[in-house]
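Undergrad: generate coordinates for the sequence data below:
(chains A, B, C and D)
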2 protein chains.
Amino acid sequence: MSKLGAAPTLDDVAKMAGVSTATVSRCLNSPNRVVKATRERVQSAVDALGYTPNFAAQVMAAKRTFTIGAIIPTMENAIFARGLQAFQEELHQHGYTLLVSSSAYKPDIEEEQIRTLAARGADGLLLIGHDRDPKIYEFLDRRNIPTLVAWSFAPDAPVPSIGFDNRAAMCALANRVIAMGHTHLGVISGVSAGNDRARLRIEGVKDATRQNGLDVSDLTIIETPYEIECGAQAFSQLIGQASRPTAILCGNDVLAVGALRRAQEIGLRVPKDVSITGFDDIELARIVSPALTTVHVPHREMGRKAALQLVEMVEKQVTDQGEQLDTSIIEGQSLGPPGKT
Amino acid sequence: MSKLGAAPTLDDVAKMAGVSTATVSRCLNSPNRVVKATRERVQSAVDALGYTPNFAAQVMAAKRTFTIGAIIPTMENAIFARGLQAFQEELHQHGYTLLVSSSAYKPDIEEEQIRTLAARGADGLLLIGHDRDPKIYEFLDRRNIPTLVAWSFAPDAPVPSIGFDNRAAMCALANRVIAMGHTHLGVISGVSAGNDRARLRIEGVKDATRQNGLDVSDLTIIETPYEIECGAQAFSQLIGQASRPTAILCGNDVLAVGALRRAQEIGLRVPKDVSITGFDDIELARIVSPALTTVHVPHREMGRKAALQLVEMVEKQVTDQGEQLDTSIIEGQSLGPPGKT
DNA sequence: ATCAAAAATGCAAGCGCTTACATATCTGCT
DNA sequence: AGCAGATATGTAAGCGCTTGCATTTTTGAT
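TA: A predicted model of the protein is given here:
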């Protein structure tokens, strides 16, 4: 009998079933290589003992973890929730377990998490966005850890990506806003340092501004963390300006909801007095009223495809370029023509 | 030189620094047991090689993972996000890593996740709510894995818990509703099977009903998954009844938001035509308008305290009973006196 | 200078599993 | 019955690390 409190080992099972550890291992991992009678004997020993394989030992011996790591910027809001859920489900289908951690949008924390996941033997890694220290890519490369980026597609980046064109998507939305007649645009963006999604979305607004012959320097851009309250504050700041914008494009739905709430608090009607747009099309966008006009991102598709590709990278050692997904504009009621002031 | 693509090992570092592996290990784990000169030599070898300890090997040898597992019912909405975040932060302070997985409110998935986390050598486990197969508690006990329950306090449960009194909290809210003059109450609850929080919240409503001399059998209770859309559907169902309730108590804010949205869709004014209350006080509750009247749960405090206690259980092998936290009622604008019909 | 005690380092035995290889057992033929 | 080939099982060598114990070096007091 093994020590109290100690988990039963392969050896315990082997002894009880009267076979070698190799046979037990085979019963568990390639049952067809073992004759039925033995298999059943082993199985009942496993059941009787309540045996569960020791993961660390398995990893050491097999050098595979069937674990995929993902590091997302935040779990606090729902931005990544749906995509990650789909990612997880698809991985599960293929026998992989997902390990998630969040970096709080901090590059150094992200780096630490990457090292941790590498040390834990993740067979592959999912990261969000391309912007990070090149050393990290070197590390991943040296360690031979297949890595995929999501939420941002860039064909020429150091690692393949499954995502969309943040710049073009935001540009399309800004064009729509301008077509409505708005000439004074405000932007509430996430912090763009180390965040290509935020950076490219800003660029998208600038593109649209230029394309329509408006002055880019008229654009007021505020960068702030992706939190509802921050969106509200930025809104106040924007609206308090001398030349107040008639439409405010937000870097994501969370900021937009903050802006929307503040607008309502100070008695501005949306979209009559001011238009507000979001980005991401998370559930929140449809719950608030007026519902947000926003950019729909195919979260579930992205998550699923990322899982498929990453598994392929892990198992086949191949690396294709990734895939660009399409976004679309969701018409809510938060965007309308500018009111006459 | 080690094989390409293979991570450098302790041995590589030892060779490069000209010391034994034991010394390298000590440099990393108890630096003060090694003289400065050696320590520096080892450190530069570590840096040069980009060495990261192999987690699985560490675990095997040391039988400690400094990992805590948590299994929450869902990551899809924000119910557990804030508490878990605080839990994670506090664990990090103490040098522990958090591994999260979600069970989608399914007992069998939860059980599988528990076994997985045990196999991965989690030093301790955080579970949500007490209701589960006794075999699981036996398993945990046999394996000697310290386990703590959160989100529900029950002094006499098989494992200690840090949480609040779901029943009393809901009862207090229901009393408030009844005091407003409502006599026809509807309840939209989460699925109560295997979910003590949901079950106790229903009991709380019943308690208040009885305390006020109302008829418990008049209460219409609908159980439905915790999703916005489900809340909306349940609302329709409740409102379509012969004796339509004037106040609807929801099992959580997510359901309440769904109900609220449906109310607005079908042209009912809240709270004039119908009152709606939530539970949990997640961010969402304050974003919708009217803001929800709901039960505030001290998520961050709960998360932090759970971490502290679990670490203590892991390190000191002691188990105290846990702690009951207080909830309070948040006054939104979704509860008002019944309109005269 | 000497030596005991303290401090630093090395040695080597596992931790629980997988897997290449060796060995034993079972087929179905002749 | 006897044998080759297939099939089933056993043997044992690691995987990379920690740690108790043995050994060497340093320290400081005499």
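Undergrad: mind listing what the residue sitting nearest the centre point of chain A touches?
TA: Nearest to the geometric centre of chain A sits A:Phe80, at 4.4 Å (C-alpha atoms, centre = their mean). Contacts for A:Phe80 (C-beta atoms under 8 Å, 6 or more residues apart in numbering or on different chains) come out as A:72-74, A:128, A:151. Every C-beta, even on glycine, is put in place using the N, C-alpha and C of the backbone.
Undergrad: these in helices, which ones?
TA: Under the assignment DSSP state H, the contacts of A:Phe80 contribute nothing to helices.
Undergrad: what's the most distant pair in the residues you listed?
TA: Spatial extent of those (C-beta to C-beta) is set by the pair A:Thr74 and A:Trp151 at 12.3 Å.
Undergrad: who's more crowded, these two?
TA: Neighbours per residue, other C-beta atoms under 10 Å in any protein chain shown: of A:Thr74 and A:Trp151, the larger number sits with A:Trp151, 26 against 19.
Undergrad: surely the more buried one is in contact with A:Met302?
TA: Yes. Applying C-beta atoms under 8 Å, one finds A:Trp151 in contact with A:Met302, separated by 7.2 Å.
Undergrad: touching both of those two, which residues are there?
TA: Both A:Trp151 and A:Met302 are in contact with A:83, A:163-164, where contact means C-beta under 8 Å, 6+ apart.
Undergrad: pick out the residue in the stretch 151-300 of chain A sitting closest to DNA strand D.
TA: Taking C-beta to the nearest atom of the strand, DNA strand D has its nearest neighbour within the stretch 151-300 of chain A at A:Val159, 24.4 Å off.
Undergrad: is that residue in a helix, a strand, or coil?
TA: coil (DSSP: H, G, I helix; E, B strand; the rest coil).
Undergrad: near it, how many other residues are there?
TA: Counted with other C-beta under 10 Å, A:Val159 comes out at 19.
Undergrad: give me the lowest-pLDDT entry from the contacts of A:Phe80.
TA: Least confident entry in the contacts of A:Phe80, by pLDDT: A:Thr74, with 89.
Undergrad: how about A:Cys19, secondary structure?
TA: For the record, residue A:19 is Val, not Cys. Classification of A:Val19 using three-state DSSP returns coil.
Undergrad: right, and it touches A:Ala37 too?
TA: No. Counting by C-beta under 8 Å, A:Ala37 is not a contact partner of A:Val19; they are 10.7 Å apart.
Undergrad: more neighbours: which of the two?
TA: Using other C-beta under 10 Å as the criterion, A:Val19 and A:Ala37 rank with A:Val19 on top: 18 against 8.
Undergrad: tell me the pLDDT at the more buried one?
TA: 93.
Undergrad: ok, now the one 3 residues further on?
TA: The confidence metric pLDDT takes the value 94 at A:Ala22.
Undergrad: neighbours of it, how many?
TA: For A:Ala22, the count of nearby residues is 11 (other C-beta under 10 Å).
Undergrad: what is the least confident helix or strand in chain A?
TA: Ranking every helix and strand in chain A by mean pLDDT, DSSP states H and E puts strand A:97-102 at the bottom, with a mean of 89.
Undergrad: run through who's touching it.
TA: Taking C-beta under 8 Å, 6+ apart as the rule, strand A:97-102 contacts A:66-75, A:84, A:87-88, A:91-92, A:113, A:116-117, A:120, A:122, B:98-101, B:116.
Undergrad: what's the angle between it and strand B:97-102?
TA: Here strand A:97-102 runs at 120 degrees with respect to strand B:97-102, directions being taken by axes from the mean of the first three to the mean of the last three C-alpha atoms, to 10 degrees.
Undergrad: whatever residue of the stretch 201-341 of chain A ends up closest to DNA strand C - how many residues pack around it?
TA: Using C-beta to the nearest atom of the strand, the single residue of the stretch 201-341 of chain A nearest to DNA strand C is A:Glu315, 13.8 Å away. Under the neighbour criterion other C-beta under 10 Å, A:Glu315 is assigned a count of 13.
Undergrad: and the pLDDT at it?
TA: 89.
Undergrad: now it, what's its secondary structure?
TA: Put simply, A:Glu315 is helix when judged by three-state DSSP.
Undergrad: and it, how far is that from A:Phe66?
TA: For A:Glu315, the distance to A:Phe66 equals 10 Å [C-beta to C-beta, to the nearest Å].
Undergrad: before we move on, what about A:Ser275?
TA: Counting by C-beta to C-beta, the gap from A:Ser275 to A:Phe66 is 48 Å.
Undergrad: which of these two has more neighbours?
TA: Shown here are A:Ser275 and A:Phe66; by other C-beta under 10 Å, A:Ser275 has more neighbours (27 against 17).
Undergrad: what's the nearest residue to that one if we skip its chain neighbours?
TA: A:Ala247 (4.0 Å; C-beta to C-beta, 6 or more residues apart in numbering or on different chains).
Undergrad: my guess is that neighbour meets A:Ala263, correct?
TA: No. With contacts counted by C-beta under 8 Å, A:Ala247 stays clear of A:Ala263, the gap being 11.8 Å.
Undergrad: pull up the overlap in contacts between the two.
TA: Residues touching both A:Ala247 and A:Ala263 comprise A:274, A:276, with contact defined as C-beta under 8 Å, 6+ apart.
Undergrad: residue of the stretch 101-250 of chain A with the smallest distance to chain B?
TA: A:Asn144 (3.7 Å; C-beta to the nearest C-beta).
Undergrad: next, that residue: secondary structure please.
TA: Here A:Asn144 is coil, with the state taken from three-state DSSP.
Undergrad: and stretch A:283-295, what's buried?
TA: Across stretch A:283-295, burial judged by 16 or more other C-beta atoms under 10 Å in any protein chain shown covers A:283-295.
Undergrad: near chain B, from those?
TA: Contacts with chain B within those, counted by C-beta under 8 Å from any C-beta of the partner chain: A:283-284, A:287-289.
Undergrad: near DNA strand D, which residues of the stretch 1-150 of chain A?
TA: By the rule C-beta under 7 Å from any atom of the strand, the part of the stretch 1-150 of chain A lying against DNA strand D is A:18-23, A:26, A:33-35, A:37-39, A:57, A:60-61.
Undergrad: between these, which sits nearest A:Ala179?
TA: Closest to A:Ala179, out of all of those and judged by C-beta to C-beta, is A:Met60, at 60.9 Å.
Undergrad: mind checking how far the nearest residue to the closest one once chain neighbours are set aside is from B:Glu227?
TA: Excluding the flanking residues, the one nearest A:Met60 by C-beta to C-beta, 6+ apart is B:Ala56, at 4.9 Å. Separation of B:Ala56 from B:Glu227 (C-beta to C-beta) stands at 38 Å.
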